[in-house]
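*Asks:* pasting a predicted model and its sequence here:
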Amino acid sequence: MSTQTSLSTPPETGRGGAAAPRGEVRPPWLVVMLHQISVTVRRRAFLVSTAITALIIVAGVVAFSLLSTKVESYTVAVPSQEIATIVSEAQATAGGEAAKLQLSAQVESDPIAAVRDKGADLALTRTAEGWSLTGRDSVPTSAQAVLGQAVERATIQEHAGATGTDWASLTAGSQLSAHLLEGDAQRTAMAAAVGYVFAMLFYLASILFGMPIATSVLQEKASRVVEILAATIPLRQLLAGKILASMIVSVLQLALYVGVGLLALVLSPADLGFTGVIVSTAGWFLAFFVAGFLILAAVYAAIGAMAHRGEDLQSAQVPIMVVLVGTLVAGLAAKGQALVVLSFIPVVSSVTMPVRMLQSDVPWWQTALALALSLATAFLLVRVGGKVFRLAVLHTGGALNWKQALALKD
């Protein structure tokens, strides 16, 4: 990203050197910001990577939709109507599997031959040892599980009748029901998938837009361009323009990705029932991203100003990478109380709070508190990072640490 901003033209001069109307004088930070945005969005690499990422997101949503709506259908050859009834009961009592598994019985004099001749997908027969489910080259696990349960029920019921025991009495109190303290299984799966996307987008955006801030500051410092800029505009406004430009481009890019993904989800045949939750959470994710990115951008600008060579910059960004990787891992792996605690920690909350909101209904005051903490931290670090930038960017005596930079005099 080219970041050398030329401000040699006086603010009151318009394009082409013509004098601009007095009411159109732009503040220096706005000039820097617009220049940075213009340079970034015109880069071929930026446009190509944005288009490819958007296509990948659409492809992922389409694939998820197809997998969510795919129905496995199998014809089961059986030797008698009695066994066909077992197949019908398996389909009727399959529970959640019934939405994605369809079993239909087909009475055949030789079920094995029907499978061999491709007249049926599976053959359910009774042998001297028990029951057999036969397939041509494989037996689907889902069909085997459902039919196995049905066969077990039928066999137990048969034995219960032979001993004069009532089936209802035999199975009374044996039903096992699944319950979740928060949300449900389908919503948990959805939260895991969307949370993974949010975590990766935050991680990649922070690296792709944060590190160039530090690099551009170091380049301008090493080439002495910053000294010319410092004589033209206040360094505080130079930094503000850089941060705002990176933040605006990254937020717009993220908004594009989120919008494309949501549009693909709405138009997909999958009916998750959680589209509204995803839409509202995506809005909160953008808000938390802004707060988290401001924190990281201020730190990146400061380490760029304190560095003397590229090697200094690489070593100085290690703590930031630790935070980013920790945020990514927290968004993907944190559960229960750990996720709740992490959702209030600035930067990390940019991912963990949206993940919590996807998994369950979070009280509004907790979301507002987490965002307020992130914004307060962003304000503090922007102030500190701005001071370090102002003091260290003109220092040419070697690399500095935070303590040394803050000890410099204006």
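*Replies:* Right, received. Where do you want to start? Numbering: from 1, shown residues only.
*Asks:* in which helix or strand would I find E82?
*Replies:* Using DSSP states H and E, E82 sits in helix 81-92.
*Asks:* adjacent strands (with direction) for the next helix or strand after that helix?
*Replies:* Per DSSP H and E, the first helix or strand lying C-terminal to helix 81-92 is strand 101-107. In the sheet containing strand 101-107, its partner strands are strand 72-78 (parallel), by DSSP bridges.
*Asks:* buried residues of the strand it pairs with, list them for me.
*Replies:* Within strand 72-78, the residues scored as buried using 16 or more other C-beta atoms under 10 Å are Y74, T75, V76, A77, V78. (Glycine included, C-beta is placed from N, CA and C.)
*Asks:* let's have the residues you listed in a markdown table, adding pLDDT and distance to L101.
*Replies:* Shown next, in a markdown table, are those (pLDDT from 0 to 100; distance: C-beta to C-beta, whole Å):
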| residue | pLDDT | distance to L101 |
| --- | --- | --- |
| Y74 | 82 | 8 |
| T75 | 84 | 13 |
| V76 | 85 | 11 |
| A77 | 86 | 17 |
| V78 | 86 | 17 |
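*Asks:* max pairwise distance over those: which two?
*Replies:* The span of the buried residues of strand 72-78, defined through C-beta to C-beta, is set by Y74 and V78 at 12.3 Å.
*Asks:* what packs against the helix or strand encompassing F198?
*Replies:* Using DSSP H and E, F198 maps to helix 185-222. Helix 185-222 sits against helix 44-69, helix 225-232, helix 235-267, helix 275-306, helix 310-316, helix 318-333, helix 349-359, with contacts defined as 3 or more C-beta pairs under 8 Å, 6 or more residues apart in numbering; DSSP states H and E.
*Asks:* what average pLDDT does the second one get?
*Replies:* Per-residue pLDDT values over helix 225-232 give a mean of 84.
*Asks:* residue contacts, the closest residue in space to L381 that isn't next to it in sequence?
*Replies:* Excluding the flanking residues, the one nearest L381 by C-beta to C-beta, 6 or more residues apart in numbering is A298, at 4.6 Å. By C-beta atoms under 8 Å, 6 or more residues apart in numbering, A298 lies in contact with I243, A378, L381, V382, V384, G385, G386.
*Asks:* most neighbours out of the residues you listed, which is it?
*Replies:* Counting neighbours by other C-beta atoms under 10 Å, I243 leads those with 27 neighbours.
*Asks:* how near is it to A370?
*Replies:* Note on I243: its distance to A370, by C-beta to C-beta, to the nearest Å, is 22 Å.
*Asks:* gap between H308 and L238?
*Replies:* According to C-beta to C-beta, H308 and L238 sit 19 Å apart.
*Asks:* can you check V151 too?
*Replies:* Note on V151: its distance to L238, by C-beta to C-beta, is 75 Å.
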